[in-house]
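> Model the following, please.
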Amino acid sequence: MAVAASLLLLTATASMPQGLSLPPLTVRIAYEIEQRGIPYSWGGGHGPTPGPSKGTCLGYRGAIKPCPAARTRGLDCSGFTRWVYALAYGRDVLGPGNTDAHVRKMRRVKQPRPGDLVFFGKIGKKRIKTHHVGIYLGGDRMMNAPETGAVVRVDSIAAKKDFAGFYRY
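A predicted model of the protein is given here:
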């Protein structure tokens, strides 16, 4: 995995938007992955190792019928953030769980920095019920795997409902 991460980093800065100072490694990797046009796949990215995988139709409620996940090699939102963080940290720090499992491994921050994760749903002291996660890029933007039929892309945080907070590993 270290060789793959090194190769990814060599090309990551070339695909970054102009005018930015050197962003955190997580952001550089996210932009490199965006350039690959990887499709959304419900449950994708949750195999034994991080990275694109075929998804699952178990629990799928998307608009595209029949469910394309079992035949689509790609990433869902938590599979995407898992892969980015694994490449950045050199190991699978988030694990194969969903957004609820991932938020439990993070700490909430009031002043986000690019590379933090942005979660959507409800996060209380005793109960966590999240439904989406993305990588904070700065301003009102995040990189995410948004929905069936889309690819990994940059979206406005405000365009998504149920903002729950920024979290840092």
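> Every contact and neighbour count from this point should use C-alpha atoms.
Will do.
> The spatially closest residue to residue 141 that is not a sequence neighbour: what's it in contact with?
Spatial nearest neighbour of residue 141, chain neighbours left out: residue 156 (4.6 Å); criterion: Cα to Cα, 6 or more residues apart in numbering. With contacts defined as Cα atoms under 8 Å, 6 or more residues apart in numbering, residue 156 is in contact with 140-142.
> per-residue confidence for residue 156?
pLDDT for residue 156: 98.
> same deal with residue 63?
89.
> low-scoring pLDDT stretches of this protein, where are they?
Where the chain drops to pLDDT under 70, the residues are 1-20.
> in it, which spans are helices?
2-12, 25-35, 77-89, 99-103 (DSSP state H).
> Just say which of these is most tucked in.
Of all the helices of the chain, helix 77-89 has the most neighbours on average by mean count of other Cα atoms under 10 Å, namely a mean of 26.
> List the contacts of that one.
Here helix 77-89 has contacts from 1-2, 5, 25-26, 29-30, 40, 43-46, 50-52, 91-99, 102, 117, 132-135, 144-146, using Cα under 8 Å, 6+ apart.
> what's the answer for stretch 119-139, then?
Contacts of stretch 119-139 (Cα under 8 Å, 6+ apart): 27, 30, 77-78, 81, 99-100, 103, 112-118, 142-146, 160-167.
> what's the neighbour count on residue 135?
Neighbourhood size, residue 135 [other Cα atoms under 10 Å]: 28.
> What of residue 169?
15.
> Quick check: it vs residue 57, distance?
30 Å (Cα to Cα, to the nearest Å).
> Repeat that for residue 136.
28 Å.
> The residue nearest to residue 163 when sequence neighbours are not counted: how many residues sit nearby?
Leaving out its chain neighbours, the residue that sits closest to residue 163 by Cα to Cα, 6+ apart is residue 120, at 4.4 Å. Using other Cα under 10 Å, residue 120 has 20 neighbouring residues.
> who does residue 120 bridge with?
Under DSSP bridges, the beta-bridge partners of residue 120 are residue 132, residue 163.
> how close does it get to residue 113?
Going from residue 120 to residue 113 by Cα to Cα gives 17 Å.
> Next: residue 49.
Counting by Cα to Cα - residue 49 and residue 113 are separated by 27 Å.
> Please apply the same query to residue 153.
For residue 153, the distance to residue 113 - Cα to Cα - is 19 Å.
> burial of the nearest residue to residue 77 once chain neighbours are set aside, as a residue count?
Closest residue to residue 77 apart from its sequence neighbours, by Cα to Cα, 6+ apart: residue 145 at 4.6 Å. Residue 145 has 30 neighbouring residues, counting by other Cα under 10 Å.
> repeat for residue 92
17.
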